[in-house]
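Chemist: Need coordinates for the following:
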Amino acid sequence: MKISTKPAVWKMVREAIDELGGSTTNVAVRNWVLKKYPETNKGTIGCQIVVSTVNHASRIHYPENQKPRRADSQYDFLFRPERGKLERYDPAKHGQWEIAKNDEGDLVVQTVGITRFVTVPTSPAASDGQSFAAEHHLRDFLASNLEVIEEGLQLFVDDDGNTGVEFVTEMGRIDILAEDREGGLLIVELKVEHGPDAVCGQIMRYLGWVKRHLANSRRVRGLIIAKHISDRIRYALADVPDVTTREYELKITLAPVPHVDMPKK
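Modeler: Numbering: from 1, shown residues only. The predicted structure is shown next:
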């Protein structure tokens, strides 16, 4: 068996930022890595940049950052001064950052003790035990657990370091834009309750835009996820092979809690 001698991608990114003088751009880091390690997946490079950027709000969607902690681990070496730019993280210059929980128990990226970014729930919240209370709860849960949708998916990251959560296009905001293991793009549109058939036109607009502005000849697929997929949606998409649908279910299990015995006198 041939053992790979290539470093982990986050180590490639760390090597790149140091070789580029500690202040550079997302594109320059990606190009440096691809030049030295040409078989590296472009999407993975983008994801590892987000993972390692201490002030990037979307970093909590990745397994390395799904628990509260100070930004002092091996994955905390980048700082984003503005969109598309990167610097070597220096706590003395950039402040001490952390991943923390707010009063609702949701993870946030913040300077120590001061919340700076929008709350991103990491667990499903249900209004009646059967459906998500709000669409963004479903979106953020799936963005942090893409393997639920398809094995090998990772969030799309553009050249400016923007991730595929609420990805902005000229046609509107895509709920989730992901990249599959073959490099193709998957557009995920979410509806927490019954999916109205208008969602079909919405996802077709996104498909057309992504194919022309992001795909570069890569395959583009669409997926609609709702509590219930109506016959209107099914017939509207019957002859559209690149758009599929799924219905989600929530299941709750209850575990017994051991009784606390009274102390013996």
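Chemist: ok, now how distant is Ser230 from Ser217?
Modeler: Noted for Ser230: a distance of 34 Å to Ser217, by Cβ to Cβ, to the nearest Å. C-beta: built from backbone N, CA, C; applies to glycine.
Chemist: And the strands in the stretch 101-250 of the chain, which stretches?
Modeler: 107-111, 114-115, 154-155, 165-169, 172-179, 185-195, 220-229, 243-247 (DSSP state E, counting those that start in this stretch).
Chemist: weakest of those in terms of mean pLDDT?
Modeler: Of all those, the minimum mean pLDDT falls on strand 114-115 (a mean of 56).
Chemist: Grab the longest helix from the chain for me.
Modeler: As assigned by DSSP state H, the longest helix anywhere in the chain is helix 198-213.
Chemist: what inclination does that one have with respect to strand 243-247?
Modeler: Angle of helix 198-213 versus strand 243-247, following axes from the mean of the first three to the mean of the last three Cα atoms, to 10 degrees, is 140 degrees.
Chemist: 674 is where my numbering starts, stick with that
Modeler: Happy to do that; since the first residue is 674 now, the last one works out to helix 871-886.
Chemist: Show me what helix 871-886 packs onto, helices and strands only.
Modeler: Contact partners of helix 871-886 among helices and strands, from 3 or more Cβ pairs under 8 Å, 6 or more residues apart in numbering; DSSP states H and E: strand 838-842, strand 845-852, strand 858-868, strand 893-902, helix 904-909, strand 916-920.
Chemist: Quick check: mean pLDDT of that helix?
Modeler: Helix 871-886 comes out at a mean pLDDT of 94.
Chemist: in it, what counts as buried?
Modeler: By 16 or more other Cβ atoms under 10 Å, the buried positions in helix 871-886 come out as Val872, Cys873, Gln875, Ile876, Met877, Arg878, Tyr879, Leu880, Trp882, Val883, Lys884.
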